[in-house]
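Chemist: build me a model from this:
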Amino acid sequence: MSVAALRADEDPATLMAEMGRRARAASRPLALASAEQKHAALVAMAEAIGRRVEPILLANALDMQRGEAEGLSPAMLDRLRLDRARIEAIASGLLAIAELRDPVGDVIASWERPNGLRIERVRTPLGVIGVIYESRPNVTADAGGLCLKAGNAVILRGGSDSLESSAAIHGCLQEGLKEAGLPEDAIQLVPTRDRAAVGEMLTGLSGNIDVIVPRGGRSLVERVQREARVPVFAHLEGVCHVYVHAAAELEMAKEIVFNSKLRRTGICGAAETLLVDRAVLDTHLEPILAALSEGGCEIRGDEEVVARFAGAVPAREEDWPKEYLDKIIAVKIVDGLEAAAGHIARYGSSHTEAIVTADEAAAQRFMELVDSAIVLHNASTQFADGGEFGMGAEIGIATGRMHARGPVGVEQLTSFKYCVHGSGQIRP
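Modeler: Numbers count the residues shown, from 1 in each chain. Model (predicted):
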């Protein structure tokens, strides 16, 4: 029997209410767990995944068959697919999280008042986190591991298309919790494809969920932002730009643009728009577009791009703010750095932007002008990833301006409290 059938006949409201209560109960001992205990659990999880490669591959094959039968796009199928290398990366990600410094209990700031009171701002877990995601089964391990490291219980609602794969990975996470003596309810996976379960999570499960993190396409994130009754860490889309500045070195620009677009087209950090400075139009445009075209990428350009590059097709207004997640890129000629930043402000999604230039002052000005969660100089937009930031992994990229922004790693999954130390002071 597949995991999807195990509780498919259970009322979603009843099921989710029970999961919420169990998560809240588990969050209390988890918040007090030692760094050594959480480290041991994460290592045991990684080892369990290493032992269960074959069952995970078999589960993923079921999901792939279902996805192909239901007509998932190539980009979505790529997100769903697991192989030995990707499973090994999942285990390695858990080990990387294990080696991160435990943030719980960190004194973020401290100061002393004139009356002698010593005040400390101390990191604490958020409590219970709800993670709603699509396709990528690796998020099961990433989210579960990060929430555990930060002392949070988590309820995972993976995509219906990845339920078998996610369940196989989740079994390894629970094995690790058990080995370390931590409550298995600390990491729960919603065991049904019924979409009503998502709606129940968005209500907050009677106060048992403290924050929701959606990780998926526009329709999912829009629904979460529209319906959630608890705080949300999210990004709506990854409309990422690469700007080739007037002082860009050609070979570097070619490599960065090619990698930003084509390394993996289905991730949120993939570049969707290329901006080329008019100052290097004659020297840089054709070689960069030729490399993209040879890589199988469709070029949708403005009038000048179409006139200069035979393989380009005219871009429409809706191409500029579009997240393709495919081998398609929109290309525009801009008159200088300010124009590039203006285009990004108008059409971007505040996710990730890059400038390619040898001019340090121009790079600094670009970083000041562009208000996105991640801004890079002379590097691929595909570095928009918590693992690449040294966070071990991330639960998503937040593009809002409250609490968490950019990769959401262990520190972003904490809150804080004030601990005030006195010596008998009373307030006059």
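Chemist: switch to C-alpha atoms for all contacts and neighbour counts from now on
Modeler: Fine.
Chemist: okay, Gly392: pLDDT?
Modeler: Note for Gly392: predicted pLDDT of 67.
Chemist: what sits up against the host helix or strand of Ile344?
Modeler: Here Ile344 sits within helix 337-347, counting by DSSP states H and E. With Cα atoms under 8 Å, 6 or more residues apart in numbering as the test, helix 337-347 has contacts from 239, 241, 243, 245, 275, 277, 320-321, 334, 362, 366, 369-371.
Chemist: now Asn259, what's its secondary structure?
Modeler: Secondary structure assignment for Asn259 (DSSP: H, G, I helix; E, B strand; the rest coil): helix.
Chemist: which residue sits closest to it, ignoring its sequence neighbours?
Modeler: Ser380 (6.3 Å; Cα to Cα, 6 or more residues apart in numbering).
Chemist: where does this structure have low pLDDT?
Modeler: For the chain, applying pLDDT under 70 flags the ranges 1-9, 392.
Chemist: and the helices in it?
Modeler: 12-31, 35-51, 53-69, 74-80, 84-99, 138-149, 163-179, 196-202, 218-227, 250-262, 281-294, 303-308, 337-347, 360-369 (DSSP state H).
Chemist: returning to that earlier point: the helix holding Ile344 vs helix 360-369, what angle?
Modeler: 30 degrees (axes from the mean of the first three to the mean of the last three Cα atoms, to 10 degrees).
Chemist: before we move on, back to that, turn the contacts of helix 337-347 into JSON lines, including distance to Ala91.
Modeler: Listed next are the contacts of helix 337-347 as JSON lines, based on distance: Cα to Cα, whole Å:
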{"residue": "Val239", "distance to Ala91": "30"}
{"residue": "His241", "distance to Ala91": "32"}
{"residue": "Tyr243", "distance to Ala91": "35"}
{"residue": "His245", "distance to Ala91": "39"}
{"residue": "Leu275", "distance to Ala91": "38"}
{"residue": "Asp277", "distance to Ala91": "43"}
{"residue": "Trp320", "distance to Ala91": "38"}
{"residue": "Pro321", "distance to Ala91": "36"}
{"residue": "Val334", "distance to Ala91": "44"}
{"residue": "Ala362", "distance to Ala91": "41"}
{"residue": "Phe366", "distance to Ala91": "37"}
{"residue": "Leu369", "distance to Ala91": "39"}
{"residue": "Val370", "distance to Ala91": "36"}
{"residue": "Asp371", "distance to Ala91": "34"}
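Chemist: and which of those is nearest Val221?
Modeler: Val239 (14.5 Å; Cα to Cα).
Chemist: that closest one contacts Gly266, correct?
Modeler: No. With contact defined as Cα atoms under 8 Å, Val239 does not count as touching Gly266 (12.0 Å).
Chemist: tell me which of these two has more neighbours.
Modeler: Val239 (25 against 20; other Cα atoms under 10 Å).
Chemist: list the buried residues in the helix holding Ile344.
Modeler: 337, 340-341, 343-344, 347 (16 or more other Cα atoms under 10 Å).
Chemist: of these, which is the nearest to Gly71?
Modeler: Nearest to Gly71 among the buried residues of helix 337-347, with distances taken as Cα to Cα, is Tyr347, at 29.9 Å.
Chemist: quick one: that closest one and Tyr324, what's the gap?
Modeler: Distance of Tyr347 to Tyr324, given as Cα to Cα, to the nearest Å: 14 Å.
Chemist: what do you get for Val43?
Modeler: Counting by Cα to Cα - Val43 and Tyr324 are separated by 37 Å.
Chemist: show me what contacts Ile209?
Modeler: 20, 24, 127-130, 201, 230.
Chemist: what's the closest of the helices of the chain to Arg118?
Modeler: helix 12-31 (24.2 Å).
Chemist: in the closest one, what's buried?
Modeler: Applying 16+ other Cα under 10 Å to helix 12-31 flags 12, 15-17, 19-31 as buried.
Chemist: now do it: distance to the chain's middle.
Modeler: How far helix 12-31 lies from its chain's middle: 24 Å, per Cα atoms, centre = their mean, to the nearest Å.
Chemist: by contact count, what packs against that helix?
Modeler: strand 128-133, strand 153-157, strand 187-189, helix 196-202 (3 or more Cα pairs under 8 Å, 6 or more residues apart in numbering; DSSP states H and E).
Chemist: deepest of those, which one?
Modeler: Greatest average neighbour count among these goes to strand 153-157 (a mean of 29), per mean count of other Cα atoms under 10 Å.
Chemist: picking up where we left off before, tabulate the helices and strands packed on helix 12-31 (CSV), appending distance to Val306.
Modeler: CSV is the format used below for the helices and strands packed on helix 12-31 (distance: least, Cα to Cα, whole Å):
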stretch, distance to Val306
strand 128-133, 38
strand 153-157, 44
strand 187-189, 49
helix 196-202, 44
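Chemist: so Leu413 is in contact with Leu148, correct?
Modeler: No. The criterion here is Cα under 8 Å, and Leu413 misses it with Leu148 at 9.8 Å.
Chemist: that's all I had, so thanks and see you.
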